[in-house]
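Trainee: This is a predicted model, with the sequence first.
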Amino acid sequence: MNNDNDYPQPHADADNQPMLDAWRNGQLLLQRCGGCDAVIFYPRPLCPECWSQQLSFHEATGRGRIVAFSLVHRPNHASFNEETPIVLAEIELHEGPSMISRVVGCDADAVRSGMTVSLVTGEDCARYPLPTFTLDLD
């Protein structure tokens, strides 16, 4: 199994630092625009809908559904070699925006578009450097 520190780490900046800090504590933060009420992912300094700078972070439900996915058999970083195939998915969040994320803890061959997912919990939040999901067991 992989050592947490082996994964490539995201570059923190003024725009994404609140989201990265919250993720380490098991929360997913999304930005909401005070000008037009758009919910935004990825963190940025301006709303992509109305160009307002009135952005604030709000906790998301951590739930979504797989829109599309790919199985990665040859990762481009050695820290992922023992985890192949990696499920890399477009997740449509309950709040509206989509994000690209890993789906872990499942049989990669069983993953299908339309399946529902939830954020990983507990110690796994600290293990993965970016928000990561598991399949819901409905």
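Mentor: Thanks, I have it.

Trainee: What helices and strands are in contact with the top strand by length along the chain?
Mentor: If you go by DSSP state E, the chain has its longest strand at strand 63-72. Applying 3 or more Cβ pairs under 8 Å, 6 or more residues apart in numbering; DSSP states H and E, we find strand 63-72 packed against strand 86-93, strand 98-103, strand 116-119. (Each C-beta comes from the backbone N, C-alpha and C, glycine too.)

Trainee: Could you list the low-pLDDT ranges of this structure?
Mentor: Along the chain, the parts satisfying pLDDT under 70 run over 1-5, 138.

Trainee: For it, which segments count as strands?
Mentor: 29-33, 39-40, 55-59, 63-72, 86-93, 98-103, 116-119, 133-135.

Trainee: how about the helices and strands packed on strand 63-72 in TSV, adding distance to residue 63 and mean neighbour count?
Mentor: Output for the helices and strands packed on strand 63-72, formatted as TSV (distance: least, Cβ to Cβ, whole Å; neighbours: other Cβ atoms under 10 Å):
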stretch	distance to residue 63	mean neighbour count
strand 86-93	7	20
strand 98-103	12	19
strand 116-119	5	19
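
Trainee: okay, the ones you listed in JSON lines with distance to residue 7 next?
Mentor: Output for the helices and strands packed on strand 63-72, formatted as JSON lines (distance: least, Cβ to Cβ, whole Å):
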{"stretch": "strand 86-93", "distance to residue 7": "12"}
{"stretch": "strand 98-103", "distance to residue 7": "10"}
{"stretch": "strand 116-119", "distance to residue 7": "17"}
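
Trainee: Which one, of those, ends up nearest to residue 14?
Mentor: Taking Cβ to Cβ as the criterion, strand 98-103 is the member of the helices and strands packed on strand 63-72 that comes nearest to residue 14, at 19.8 Å.

Trainee: angle of the closest one against strand 86-93?
Mentor: Put simply, strand 98-103 runs at 140 degrees to strand 86-93, going by axes from the mean of the first three to the mean of the last three Cα atoms, to 10 degrees.

Trainee: do you know how far the residue nearest to residue 110 when sequence neighbours are not counted is from residue 118?
Mentor: Distances taken as Cβ to Cβ, 6 or more residues apart in numbering put residue 135 closest to residue 110, at 7.8 Å, once the chain neighbours are dropped. Between residue 135 and residue 118 the computed distance is 8 Å (Cβ to Cβ, to the nearest Å).
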